[in-house]
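Peer 1: Provided below are the primary sequence and the corresponding predicted coordinates.
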Amino acid sequence: MTGQAPRLDIRNLTRRYGGRAVVDDVSLSVMPGQVTCLLGPSGCGKSTTLRMIAGVETQDSGVVLVDGQPISDGVRNLPPEQRQIGLMFQDFALFPHLSVADNVGFGLKGPRAEVRARVEEMLARVDLGRFIDAWPHELSGGEQQRVALARALAPRPRIMLMDEPFSGLDNRLRDGIRDETLDVLKEAGTAVLLVTHEPEEAMRMADEIALMRDGRIVQMGAPYNIYNAPVDREAVAFFSDINVIRGVVRGALTETPFGQFLAPGVPDGAAVDIVIRPQHLKIDFDRNGSGPLPTARDGTPARGIVQRARFMGNESLVEFRMDHDGSLIRATVPNVFLPRPGKPLWLTMRRDRCFVFPAKA
Ligand SMILES: Nc1ncnc2c1ncn2[C@@H]1O[C@H](COP(=O)(O)OP(=O)(O)OP(=O)(O)O)[C@@H](O)[C@H]1O
């Protein structure tokens, strides 16, 4: 749709502590009904970004806009309670002296019966209807967190900021609650900015992922694109284990024991890292000292000796010591594949699954 302003738009947000920019020129926007995940390792500045949007912290520079209207530019800042932003933070706290119903109804205005109906609806959503008249101390930590979620969603905020909101829930409940939460937020057309350090959570929840590192957004895109077209070696490694083969470029090609790889735009003599996830290596049997024939799709096979093989539940992880340089390479295979240590096998690398990056010194 053209002309529709993003529900949430942040431009060039920067926050310094003691001279260090912990959030460094961060810009992103979220449309109504969209979920964007800020994904990155601990300390990269995710929570500080959320706190500036919520208004509990003030940026050194940059602007926050809601529906095209500036709500904070570092000089004029709307107080947090006037921003119509719902919060669901890690350190959630219920009011201990209020019942569950009163906690969930806390931010609601209107006739008592309407408030009660909304409270009942929200508690039913998080599967806690039976606790409506309980006190917070009578609930488990996970249940308290779900009440906090119901409380945050009850006033139908236009924007929801969520900081690791599901981390307190046990695994069996978590997936269901994530999906339910998404349904409620999408139904209401809420724009969601969700902070997480778990790639799986981001992949599951996000329409768009903003990958953050050292205060900056290093890549932004749909989960599929972030996973399949990562911007650098660290971005690949954030989502899975990786194997790295170092090569040197001659004439836009690099020669390796796995065959040639294209390295367009990389100058002669420069080193490149060829990065591949363990699930994208193919394992083949030894046929009297040789492997499968080279192909354009898979390149040349290289031989390795099985060091160990482990069954991981839905896949098997096999570790190889490579003949050519003694390096270790990990490959995973669906289901059960447990070759004995010492067995020679051949590995190939699917060209369309390899990433070639200029090597960092
Ligand atoms: N009030 C503060 N004073 C000084 N430094 C701070 C302050 N708040 C945060 N920092 C620093 O800013 C950096 C970013 O912190 P932030 O909490 O935003 O990271 P994060 O990505 O959310 O990490 P986590 O996932 O662990 O919460 C950290 O190095 C942190 O120590």
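Peer 2: Right, received. Where do you want to start?
Peer 1: in the stretch 151-300 of the chain, what residue comes closest to the ligand?
Peer 2: Here the stretch 151-300 of the chain gets closest to the ligand at one residue, His197, 5.1 Å apart by CB to the nearest ligand atom. Quick note: C-beta positions are derived from backbone N, CA and C, even for glycine.
Peer 1: let me know the pLDDT of that residue.
Peer 2: According to the prediction, His197 has pLDDT 93.
Peer 1: that one: how many residues sit nearby?
Peer 2: Neighbourhood size, His197 [other CB atoms under 10 Å]: 18.
Peer 1: and His137, by the same measure?
Peer 2: 8.
Peer 1: residues contacting it?
Peer 2: Neighbouring residues of His137 by CB atoms under 8 Å, 6 or more residues apart in numbering: Pro96.
Peer 1: again, but for Pro32
Peer 2: With contacts defined as CB under 8 Å, 6+ apart, the neighbours of Pro32 are Arg7, Arg158, Gly189, Thr190, Ala191.
Peer 1: and Asp60, by the same measure?
Peer 2: With the criterion set at CB under 8 Å, 6+ apart, Asp60 makes contact with Thr14, Arg15, Arg16, Gly74.
Peer 1: next step: the residues you listed restricted to strands.
Peer 2: Thr14, Arg15, Arg16 (DSSP state E).
Peer 1: looking at those, which is nearest Arg297?
Peer 2: Thr14 (45.8 Å; CB to CB).
Peer 1: so Ile305 sits in a helix?
Peer 2: No - counting by DSSP: H, G, I helix; E, B strand; the rest coil, Ile305 is not part of a helix but strand.
Peer 1: now the nearest residue in space to it that is not next to it in sequence: how far from the ligand?
Peer 2: Excluding its sequence neighbours, the residue lying closest to Ile305 (CB to CB, 6 or more residues apart in numbering) is Arg321, at 5.0 Å. Distance of Arg321 to the ligand, given as CB to the nearest ligand atom, to the nearest Å: 36 Å.
Peer 1: make sure Arg321 is indeed in a strand.
Peer 2: Yes - assigned with three-state DSSP, Arg321 falls within a strand.
Peer 1: for stretch 179-196, buried residues please.
Peer 2: Of all the residues in stretch 179-196, those buried under the rule 16 or more other CB atoms under 10 Å are Thr181, Leu182, Val184, Leu185, Thr190, Ala191, Val192, Leu193, Leu194, Val195, Thr196.
Peer 1: ok so, going back, buried only: go through the ones in strands among the contacts of Asp60 for me.
Peer 2: Thr14, Arg15.
Peer 1: so the closest residue to Val266 other than its chain neighbours, which of the three states?
Peer 2: Using CB to CB, 6+ apart and skipping the chain neighbours, the partner closest in space to Val266 is Val249 (4.7 Å). Three-state assignment for Val249 (three-state DSSP): strand.
Peer 1: check contacts around Val249.
Peer 2: Contacts of Val249 (CB under 8 Å, 6+ apart): Ala263, Val266, Pro267, Asp268, Gly269, Ala270, Ala271, Val272.
Peer 1: next, format those residues as a markdown table and append secondary structure, neighbour count and pLDDT.
Peer 2: Shown next, in a markdown table, are the contacts of Val249 (DSSP: H, G, I helix; E, B strand; the rest coil; neighbours: other CB atoms under 10 Å; pLDDT from 0 to 100):
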| residue | secondary structure | neighbour count | pLDDT |
| --- | --- | --- | --- |
| Ala263 | coil | 23 | 91 |
| Val266 | coil | 20 | 91 |
| Pro267 | coil | 9 | 92 |
| Asp268 | coil | 10 | 93 |
| Gly269 | coil | 8 | 94 |
| Ala270 | coil | 15 | 95 |
| Ala271 | strand | 15 | 95 |
| Val272 | strand | 20 | 96 |
